[in-house]
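Student: Make a model of this:
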Amino acid sequence: MLRCLNLILFVSWLNCGHGCATFHVSGSLHTVHGDDEHEVGMLEYILKNGGGTFDAKTFEPVEPKDGYSVGIEFGSFKVLEIAPKFGDHLWDADIADVFKEIVEEFGVEHVGAWVNDGFVHLDPVEIYVGYKDAVLAGLANGQQEIYSFKDKKSINVLDAWDKILEEEGE
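Tutor: The predicted structure is shown next:
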């Protein structure tokens, strides 16, 4: 019976014309679209934006105007399949559970998320203000990319380091 209920909620969520979630779980987000305020689930936010950086306590998105999000440790991310086999689906509660695991394991203030090939990756992150500091942290932490809040894009760490060295004349 529970599996049928989950499937009905998932179908309802997919068919909701204005993108709102039809279920409520801990860790949901609120957003305003025009004059219409409604609850948006974490999964919907992550899929709509291709990822995000979230406050580890409130699960609210963190969107500073400047700065960089950097994974704190090589291989520290956790992966969830968006549409696993056998009819089960990824839910906001699943994401919230993994957020909690990451916070307990790493003691971080922020969790980053990104989507790649049908999977949501969740990673403990730290936010850096300076570009060079973020790139150096990315190198030290074995990261392939860091995220620029200002440019709203990922930056390849090795390319960024080469550019820094070139600009400094080394």
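
Student: Sketch out the low-pLDDT regions of this protein for me.
Tutor: 1-40, 84-89, 170 (pLDDT under 70).

Student: try 80 this time
Tutor: Counting by pLDDT under 80, the chain contains low-confidence residues at 1-40, 83-92, 170.

Student: what ranges do the helices span in the chain?
Tutor: 2-15, 42-49, 92-106, 131-140, 157-167 (DSSP state H).

Student: So which of those is nearest Lys150?
Tutor: helix 131-140 (9.6 Å; CB to CB). All C-beta atoms are positioned from the backbone trio N, CA, C, and that covers glycine.

Student: In terms of secondary structure, what does that closest one contact?
Tutor: Using 3 or more CB pairs under 8 Å, 6 or more residues apart in numbering; DSSP states H and E as the contact definition, the elements that helix 131-140 packs against are strand 68-71, strand 119-128, strand 145-148, helix 157-167.

Student: Could you measure from Gly67 over to Asp151?
Tutor: Gly67 sits 11 Å away from Asp151, going by CB to CB, to the nearest Å.

Student: just Glu60 next, same as before
Tutor: As for Glu60, its distance to Asp151 is 22 Å (criterion: CB to CB).

Student: So these two - more neighbours on which side?
Tutor: For Glu60 and Asp151, the more surrounded residue by other CB atoms under 10 Å is Glu60, and the numbers stand at 15 against 10.

Student: Make sure the more buried one is actually in contact with Thr53.
Tutor: No: under the criterion of CB atoms under 8 Å, Glu60 is not in contact with Thr53, lying 10.3 Å apart.

Student: so what's the spatially most central residue of the chain up against?
Tutor: When the chain is reduced to its mean C-alpha position, the nearest residue by CA atoms, centre = their mean turns out to be Ala113, at 1.9 Å. Each residue near Ala113 by CB atoms under 8 Å, 6 or more residues apart in numbering is listed here: 46, 51-54, 95, 120-123.
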